[in-house]
Structures are given as structure tokens and as C-alpha cells.
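S.K.: Here is my input; please provide its structure:
(chains A and B)
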Amino acid sequence: MQSAANEALWDQATVLFLAPMTTSDKSPHLDHDTVRAVADLARLDLTDEEVVRFAGQLGQVLAHAEKLQAVDTADVPPTPYVLSLANVAREDEPAPGLSQEEALANAPEQDRGFFRVKSFFGS
Amino acid sequence: MAAPDLTTLTVSAARDGLRSGAWTSEELTTGYLERIRSVDPSVHAFLHVADELALAKAIEADRVRAEGHGEPPPLLGVPLAVKDVLSTQEMDTTCGSRILKGYRPPFTATAVERLQAAGSVLLGKTNTDEFAMGSSTENSGYSPTRNPWDLTRVPGGSSGGSAAAVACGLAPGALGTDTGGSVRQPAAFCGIVGLKPSYGRISRYGLVAFGSSLDQIGPLCRSVEDAALLLEVMAGRDSRDSTTVSDPVPAYSRNLDGDVSGLKLGVPEEYFIDGMQPEVEDRVRDAVEHMAGLGAEIVPVSLPHTDMALPVYYLVVTAEASANLSRYDGVRFGHSAQAGSMMENYRQTRAQGFGDEVKRRIMLGTYALSVGYYDAYYLKAQQVRTLIKRDFDRVFEQVDLLICPATPTTAFEIGDRIDDPLSMYLADVFTLSVNLAGVCGISLPCGTDAACLPIGLQLIGPHLGEQTLLNAAHAYENTTDWHARVPDPIA
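M.R.: Purely as a prediction, here's the structure:
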């Protein structure tokens, strides 16, 4: 009962917050080729089912982000980071680092003290 | 000697009892481990319980106290839990992800190291949305955590394991992390106190990176005093995190006088919206009136870019996440698919190791940073972030703190939002701006809804305004009894 009431509230909130998206004429879907290209850049294998599902979900979020375009940001500098600290340095004091054994402790594959990787050009 | 009631025990009361000899750390730790064994199968707050290690540390703490050389460290023998995105050399650190199953970091996070140096005993690692990406702890790669107030509901997230553990007395206090609300929102859903310190106040060294310009570690506790206590132990400059500030760390917990007379509290109109649960608005308005009754001056204010916080956040945080998560390549640590070529191994390792939400965010961030979209999405979001930050700069010239809801609704049902990322993101709509502006915020219980689910009040302070923030929260807590409510026992 409470859940149904909450459900209705969420739907209402969704409509209010996402108005620019839901009223947009743009299709709230990224096309499948774009999803595949982005997944490729991100080194992620996707199944066909994932491509379809993520296309809809990512498209929705991006359509929502379109509302930023309405904000006037002429002459507004970007904020990549909120602090004004710059050129923070520490004393350059020699200290022991990880041993080879410690550094390799989590390696899926190792060989004679090195991380072992798969063949770059394929097998 | 009276055994303490672990369902209501605070960090400060645990400490006091240890000091006075009312109980030992071994007794406390054994008690919590037993509770975890009996209650946690229903709640799933923990991913890893330290058992013998915790008990050994507790016995060691009791020995240090008995030997009594000088002033004992402030948290000697106090059991605590830690969210599993914080690196611990002595325990696996999975970030709630399958890709880090079995990963044992070669170092410990500074914040955890400082708690350990202060004598605390780690009970274990708590559940989280995978890599802290989520608002319900349903995105955990292991199992969702349940809300102790109603096991069919989410505890919030991403620090849902820590919030649930504290809410049902599996630990007196716990660490969480807050990138867009991940301490304050679960604290609100679970009826406890959650503090998001200012950016740079606590070292992020050893916190597995998600959104590096937004991430902060924060305590989840049963009282404001406890949050102050844990903050003062963890805060301060760390040479291993160049974004920590060197401003002195006050003895926050000893400066809580509860006096708010003349304090200017701003009520931001944008935080009371038509779509929110009416009971949340009512209880928060009651809290505003309550603070006025305590002598605070109430000032209506405006943060005009509030409705831009959600899109700004999800472009900034995903861009940062896509870069940070490129390190999971199946070579140096974590899961490896053992596929034929290097490229195939990257692709399959990541496909197998990451869950849906992590994949979505990596792709969204990759897209926002890619050629042709960088200016329209990432740069634009950073520019609007400046406007959001300016809103806070301006409003803190008029008022000392802001008072508003922590979340638009109380805890929702497990499964309700999991397939609809945008509606899930809305759970953080009142907390995101605080991270974007780098200021501090706290959530504390201020009532319940018709289903007896907790409602969270949020106070927001300027950068490094923690003392004023904690003092005002303490004043509210001291004169109300919402914080004293506990959920029904869980078998």
C-alpha cells in the first residue's frame, strides 16, 4: 500500500525532474552502432541484448543531460576540481617501496618476477 | 557489570565503558561478532567479517589498556566497520565487484590507518554498490543489503552496508564514502547520522577511486558526537593525497555546545519540490521550526542552479569513473578472463567482471569525453558546475548553514528502480550539489513516515564548516529523540 503510494510519487518526481527529456522530440535512444563504438573504446565486450538495453538507458540519461544546453555559460570557467591548491609537493625522501613479491601478489599470471600478459597480436 | 545493549550503543558510550572498565573490548567485539552471525544472514550488511583478526585486536587493545602507559589512544578497543571500497591490507577489498574478488591490497587507506592507530578494532568490510555506483546497494556484485527497518526495502546506497550495520547494531559506527550522497542518503534511509566532510578534509589515499573530484570518506553513526569523534581522528593533511588541506583539525567532538542562538539557517526553496513525499517535506519543515525554537534565525534562500546538479553530476562522475576504471585490465590484479589475445582479454575480463551499472557509467563517461562530444557534455557540465558552486558561495555570504531534506522519499522497495537508472539517480537529487561544490553536509533522523520508515534532515555547511555543521546537528539531536529509535529485532 505504502509502496503503491511511493511508486506514484516517484513517477511524479520522474516527470518533474526529467521534463526536458520526456517532452523532447528526440528519440531517447542512442543508436546501436554508437553504443558498440563506445563499448569498443572502453574495452568492453557487450552482448546484443546489452547493446539494445544500454542504448535505451544511456539515451535517456543523455537526453536528460540536454537540459544543460539551455544554461548560458559564456565566460564561465570550468570547475574540474573545487580546491585552489596548486603545485602541492612533498619532501622527496627515499623510503622502501613494495617488494617484487608484494607487487605481484595479486597478479592473475606471473612469470619469473614479471606480470605475464597475453600476446598483443593475437594467438 | 551490565552488558551493553549493542542495538543502541554509540561509539562514545562504547569508549566510555571501555575506559571505566564496565566492559572489555573482547566482550564488545565478541558481542558484535555474535550479532553479525545471527542477524546478518537476513540483512547482508557485511561482505567480509574479520572474526579471529578482530578478536585478536580486541584482546591486544585490552592488554594495552591494562598495561596503562600514559593516555590510551582515543578509540582503544572500539569496534568499527569499514565500507569495502577502502583498502585494507589485512582484509580483502572487493569494492562490491566481482572483478576484485579475492583482491588483497598491499597497503591500507590513510583514514582506516588513522582509526587503527587510534586503537579501533575492525569488525569487517561492509557491502556497497559496485565501486560505490548506486543508491540502493542493489548493484553489489555479491548480494543486495536489506533495510533493517523493513527487509523488503533498500538501505540506500552506496554505503548501504555500513548504514544497515549501524542501524541494527552490528557495529556502533562505520565508514562510508560519499561521491554524490552515498553516506547521507543511506543514513537517511536507515535512520542514523551520516557526515560528508568537505572535499580535502579526509585523505582519499587508499579509497578506491570512483569520481576523484567528488569522493570523500565519511562516518555513519548513531549520534552526531560520534560523527565528530571519527572525523577528528581521520581528518587532516596526508602527504599521500595532494588534495588534502592543511587547515588545523579542531577537536570537533569537544566543541559541541548545542548553542544555535543567532545562527542563520537558510532554507533553499529548490529543495522543496512538488514530486517529493509529503511526509518528508512536513517533517523537515517541522525540523526547521524546531531549530527556530532553539534560537536559530530562519532565512529563505535560493540556489537557482539546483535542477542542473543531476545532469552535471552524471556527466562529471561518469567521465572521471571511465578514466579511473581503466585500470581493471586483468593484468596486475583482479579477475582475468584468460582470453587469447591481450585485447580480447581486456574486453572479456571487463565484460565478465563489471556489473550493469558500472558498464553503463564507463560507457557514458567514455562517450562524454570522446571527440566531438567533449565540449557539449564534459566541458559544459564543468562550466555549470562552476555556477552551482557559485550558488553556494553566494548563499554562504548570507547564512551560516542550509537546512533541507536529505532525500525526496523514504526507502523504496528492493527491485523497484533497478532497471530504471534515471529514477534511481533521483534518490540523490538533494545530495549531489554538495559534492559538486565541495562543501560539507550531514544527514540525521528527523521523523518517520506512515510506514514507520526514517526520514532524514540534511544540514549543509560551507567548505571546512564542519564545526558549525556538527554543532547545529547536535543541537537538534539533543532536543529531539528521533535518533534513539531502533528497528524491531531481526531474528
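
S.K.: Quick one: check stretch B:425-441 for contact with chain A.
M.R.: Yes. Against chain A, stretch B:425-441 shows contacts by CB under 8 Å from any CB of the partner chain at B:425-426, B:429, B:437-438. C-beta: built from backbone N, CA, C; applies to glycine.

S.K.: Out of these, which sit inside helices?
M.R.: Per DSSP state H, helices hold the following members of the residues of stretch B:425-441 next to chain A: B:425, B:437.

S.K.: what's the most distant pair in the residues of stretch B:425-441 next to chain A?
M.R.: Using CB to CB, the two most remote members of those are B:Leu426 and B:Gly438, lying 22.5 Å apart.

S.K.: What is the neighbour count of the nearest residue to A:Gly113 once chain neighbours are set aside?
M.R.: Sequence neighbours aside, A:Gln100 is the residue nearest to A:Gly113 in space, at 5.3 Å (criterion: CB to CB, 6 or more residues apart in numbering or on different chains). Counted with other CB atoms under 10 Å in any protein chain shown, residues neighbouring A:Gln100 total 11.

S.K.: B:Pro300: which element?
M.R.: strand B:297-301 (DSSP states H and E).

S.K.: who's in contact with the residue nearest to B:Ile36 when sequence neighbours are not counted?
M.R.: Spatial nearest neighbour of B:Ile36, excluding adjacent residues (CB to CB, 6+ apart): B:Leu170 at 5.1 Å. Residues counted as contacts of B:Leu170 (CB atoms under 8 Å, 6 or more residues apart in numbering or on different chains) are B:32, B:35-36, B:39-40, B:43, B:45-46, B:81, B:123, B:164.

S.K.: Kindly list the main-chain dihedrals of B:Leu170?
M.R.: Torsion angles at B:Leu170 (phi, psi; degrees, to the nearest 10) stand at phi -100, psi -10.

S.K.: now swap in A:Pro77 and tell me
M.R.: phi -70, psi 150.

S.K.: what separates it from A:Leu68, distance-wise?
M.R.: 16 Å (CB to CB, to the nearest Å).

S.K.: Neighbour count: these two, which is higher?
M.R.: In terms of neighbours (other CB under 10 Å), A:Leu68 is the more surrounded of A:Pro77 and A:Leu68; the figures are 19 against 9.

S.K.: What segments of chain A are strands?
M.R.: For chain A, applying DSSP state E gives strands covering A:110-111, A:114-115.

S.K.: I'd like to know which of those strands lies nearest to B:Met91.
M.R.: Closest to B:Met91 of the strands of chain A is strand A:110-111 (CB to CB; 22.9 Å).

S.K.: I'd like the mean pLDDT over the closest one, please.
M.R.: Taken as a whole, strand A:110-111 has an average pLDDT of 96.

S.K.: ok, and does it reach over to chain B?
M.R.: No. Using CB under 8 Å from any CB, strand A:110-111 never reaches chain B; the gap is at least 9.8 Å.

S.K.: Tell me how many other residues crowd B:Pro300.
M.R.: By other CB under 10 Å, neighbour count at B:Pro300 equals 9.

S.K.: got a list of what it touches?
M.R.: B:266-267, B:269.

S.K.: And stretch B:110-130, how far out from the chain middle?
M.R.: 13 Å (CA atoms, centre = their mean, to the nearest Å).

S.K.: What residues of that stretch count as buried?
M.R.: Neighbour counts over stretch B:110-130 (16 or more other CB atoms under 10 Å in any protein chain shown) mark B:110-116, B:118-130 as buried.

S.K.: So which of the residues you listed sit within strands?
M.R.: B:121-126.

S.K.: Closest one of those residues to chain A?
M.R.: Within these, proximity to chain A (CB to the nearest CB) peaks at B:Lys125, which comes in at 16.4 Å.

S.K.: Bridging across strands, which residues link to that closest one?
M.R.: Counting by DSSP bridges, B:Lys125 is bridged to B:His48, B:Val82.

S.K.: Can you classify the residue of the stretch 1-150 of chain B found nearest chain A by secondary structure?
M.R.: Among the residues of the stretch 1-150 of chain B, B:Pro106 lies closest to chain A, at 4.9 Å counting by CB to the nearest CB. Under DSSP: H, G, I helix; E, B strand; the rest coil, B:Pro106 falls in the coil class.

S.K.: Please report the distance of the residue lying closest to it once chain neighbours are set aside from B:Ile442.
M.R.: Once flanking residues are discounted, B:Pro106 sits nearest to A:Glu102: 4.9 Å by CB to CB, 6+ apart. For A:Glu102, the distance to B:Ile442 equals 39 Å [CB to CB].

S.K.: which one of the two has more residues nearby?
M.R.: Under the criterion of other CB under 10 Å, the comparison of A:Glu102 against B:Ile442 puts B:Ile442 first, with 32 against 12.

S.K.: That one contacts B:Gln467, doesn't it?
M.R.: No. Shown here, B:Ile442 and B:Gln467 do not form a contact pair, counting by CB atoms under 8 Å, at 11.8 Å.

S.K.: What separation is there between the spatially most central residue of chain A and chain B?
M.R.: By CA atoms, centre = their mean, the mean C-alpha position of chain A lies nearest to A:Ala42, the distance being 9.4 Å. A:Ala42 is 4 Å from chain B, where distance means CB to the nearest CB, to the nearest Å.

S.K.: In a helix, B:Tyr379, correct?
M.R.: Heads up, residue B:379 is Leu, not Tyr. Yes. Per three-state DSSP, B:Leu379 lies within a helix segment.

S.K.: Show me which helix or strand of chain A is least confident by mean pLDDT.
M.R.: Every helix and strand of chain A was ranked by mean pLDDT, DSSP states H and E. The lowest is helix A:19-22, at a mean of 37.

S.K.: what are the ranges of the strands in chain B?
M.R.: Here chain B has its strands, by DSSP E, at B:46-49, B:79-83, B:121-126, B:173-178, B:193-196, B:216-221, B:264-268, B:297-301, B:401-405, B:440-448, B:454-461.
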